[in-house]
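> sharing a model that was predicted from the sequence below.
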Amino acid sequence: MLPSITPIILNQRKDSPIYHYLSELWRQFPTSIKAFYLDGGMRLIHDRRMVNTHKNPADMQSLVLRVIYALCLLGATWNHWAAIYLHGIFWDYGGLPKASTTFWTLLALLDPTAVILLFWRPNAGVAATAVIIVTDVIHNAWITARYFPPLLHWSAGRWQIIAQIIFMMFVAVTASSAWMRKGRGTR
């Protein structure tokens, strides 16, 4: 059993079912999450002994790329939730097709799910990030071409669309380095 399990279990008796349940749950957590734990005073502590990425430069590169992906997705999440907060969950974005508005609303849930996956199941997170950004850019280009022609003239003045395209290109170029190969790190 790991020495950091005691604060999580909050001093349960070792023969208690709660102790055994939490011990088993803790054992199943990926290392990247176990690096942080609560001490007896309920403070979040980072245990450097539990992070092995510093030993392998490829693992560290993957982690750095996944953090960049996560920050970009969290920025997108903020934008989607801001739109929901300001206009409501059923906002039609000024009369655009229902499928498009539903897609944009779903991104408020899909983006943070991909962020969680980037650290819990890194390969699934990298794949989810790639799928999300590619479909979002294609969708937004179609909406722009269909409802706001000419495409290049309208898109060039919108920093959000340019940022999405740059992020998509960044993911396309770096996804193979962010992908965790067998024998490297966790899952």
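Ah, there it is. Numbers count the residues shown, from 1 in each chain.
> okay, now the unreliable bits of the chain?
Within the chain, the ranges that satisfy pLDDT under 70 run 1-55, 150-157, 182-187.
> give me the domain ranges for it.
The record's domain parsing of the chain by automatic domain parsing lists 5-50, 53-178.
> could you pull out the helices in the chain for me?
Counting by DSSP state H, the segments of the chain that form helices are 5-9, 17-28, 31-34, 57-87, 98-120, 122-147, 151-156, 159-178.
> now render those as JSON lines, adding mean neighbour count.
For every residue, glycine as well, the C-beta is placed using N, CA and C. As requested, the helices of the chain are exported to JSON lines (neighbours: other Cβ atoms under 10 Å):
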{"stretch": "helix 5-9", "mean neighbour count": "17"}
{"stretch": "helix 17-28", "mean neighbour count": "13"}
{"stretch": "helix 31-34", "mean neighbour count": "16"}
{"stretch": "helix 57-87", "mean neighbour count": "17"}
{"stretch": "helix 98-120", "mean neighbour count": "17"}
{"stretch": "helix 122-147", "mean neighbour count": "17"}
{"stretch": "helix 151-156", "mean neighbour count": "13"}
{"stretch": "helix 159-178", "mean neighbour count": "15"}
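> pretty sure Pro112 is touching Gly75, no?
No - if you go by Cβ atoms under 8 Å, Pro112 and Gly75 don't touch, sitting 11.3 Å apart.
> hmm, Phe119 is touching Arg66, no?
Yes - if you go by Cβ under 8 Å, Phe119 and Arg66 touch, sitting 6.8 Å apart.
> okay, and the common contacts of these two?
Common neighbours of Phe119 and Arg66, counting by Cβ atoms under 8 Å, 6 or more residues apart in numbering, are Gly125.
> contacting residues around Val64?
Contacts of Val64 (Cβ under 8 Å, 6+ apart): none.
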